[in-house]
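Enquirer: what's the 3D shape of this:
(chains A and B)
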There are 2 protein chains.
Amino acid sequence: MTSGHVFIGTSLDGFIARSNDDITWLTQYPTLGEDHGFEAHMARVDGVIMGRGTYEVIRHMTPWYYSKPVLVLSRSLTQSDVPDEIADKVEILAATPHEAMRLVESRGWRAAYVDGGAVIQAFLRAGLIEDFVISRIPVLIGEGVPLFGPLNGDVMLEHVRTTAFPSGLVQAVYRTRR
Amino acid sequence: MTSGHVFIGTSLDGFIARSNDDITWLTQYPTLGEDHGFEAHMARVDGVIMGRGTYEVIRHMTPWYYSKPVLVLSRSLTQSDVPDEIADKVEILAATPHEAMRLVESRGWRAAYVDGGAVIQAFLRAGLIEDFVISRIPVLIGEGVPLFGPLNGDVMLEHVRTTAFPSGLVQAVYRTRR
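Expert: This next block holds a predicted model:
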């Protein structure tokens, strides 16, 4: 099966966005030109699987952000909602995590970048996340969209490594235990 | 004013206890005899301020855990609820964070160990926490008592240091910015 990989930034209190989806506290945090490994992460995956919420936040970016295929899991959007400019780069799909993974596996993806709070949580509950790269910004925002959510049971992880950057960003890598 | 210091263990998803107050996932995590600095932390504080919830969890420990005075903030307990064996070590007080800090300052405390979810959050909102030592266990428990909660506004922190231990426990130290 294609493996799922998370690469995400959070506040110290575990949010990936404010309740209104604002992420400027994250994107505008001064990271002093540090390389947090996003390009390397993109290089090792074959495409991106994200939820509608994440897609809605990034769809208006010009130029389009991703060089690899993007699958958007949604039961409300359809392919006709995708602007022409990115119609060959973005595919809308109403599917469960397992269905999505089987589809991308049939297309030869070995590794998928799984992005967005609800989608990450659903893939985690389905046992489809292999590792997490979590970059924590040293700010508490109090409320918002949490990275993690309810589970069917405890998920044991293996700590791989943690890197503290001069900017104050601390990046931890965890692998799920099977 | 007496300074407030947090030293606490959490799951990777930010909980300090399960919803039923169980902390065995934390206390029974195999830490390989590592020194995570709790004794050094206790040595630098003059006493402990905790909430009723934390007190209820630890009150039955024999022998009593703390060598320094413990102030329990509660509006439901009274001093007569404290067992005789620890009556000289534990004081129940119905007070706001600022009132509690003024009291312990009048007693000569320079530094207070602030413990328990609700109390930590209240002291943080009151601007009375100087630093956090957060030890993260590599497990996701899905739901429980969160370390952090709603704030009146963003709290900017300064990352002091992070230490990854061989057991997988990762300890991060943050200082609040004033």
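Enquirer: Spell out the residue ranges of the strands in chain A.
Expert: With DSSP state E applied, chain A shows strands at A:3-11, A:15-17, A:47-51, A:70-73, A:90-93, A:111-115, A:129-137, A:139-140, A:145-146, A:155-164, A:170-176, listed in chain order.
Enquirer: Tell me which residue is most central in chain A.
Expert: A:D115 (2.0 Å; C-alpha atoms, centre = their mean).
Enquirer: Tell me the confidence at A:L26?
Expert: For A:L26, the model assigns a pLDDT of 95.
Enquirer: I'd assumed A:V48 was in contact with the residue nearest to the centre of chain A.
Expert: Yes - under the contact definition of C-beta atoms under 8 Å, A:D115 touches A:V48, with a separation of 6.0 Å. (C-beta placed from N, C-alpha, C; glycine too.)
Enquirer: how about the residues of chain A near chain B?
Expert: A:12-14, A:25, A:124, A:136, A:138-143, A:147-159, A:161-162, A:164, A:168-170, A:172, A:174 (C-beta under 8 Å from any C-beta of the partner chain).
Enquirer: PyMOL command for the buried members of these?
Expert: Burial among the residues of chain A next to chain B is assessed by 16 or more other C-beta atoms under 10 Å in any protein chain shown; the matching PyMOL selection reads:
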select buried, chain A and resi 12+13+14+25+124+136+138+139+140+141+142+147+148+149+155+157+159+162+164+168+169+170+172+174
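Enquirer: returning to that earlier point: list the contacts for the residue nearest to the centre of chain A?
Expert: Neighbouring residues of A:D115 by C-beta atoms under 8 Å, 6 or more residues apart in numbering or on different chains: A:V6, A:F7, A:I8, A:V48, A:I49, A:M50, A:G51, A:T54.
Enquirer: Using ChimeraX, make a named selection holding only the buried ones among those residues.
Expert: Once 16+ other C-beta under 10 Å is used to decide burial, the buried members of the contacts of A:D115 can be selected in ChimeraX as follows:
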select /A:6,7,8,48,49,50,51,54
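Enquirer: on that earlier part again, please name the bridge partners of the residue nearest to the centre of chain A.
Expert: For A:D115, the residues forming beta bridges with it (DSSP bridges) are A:M50.
Enquirer: Fine by me, we can end here.
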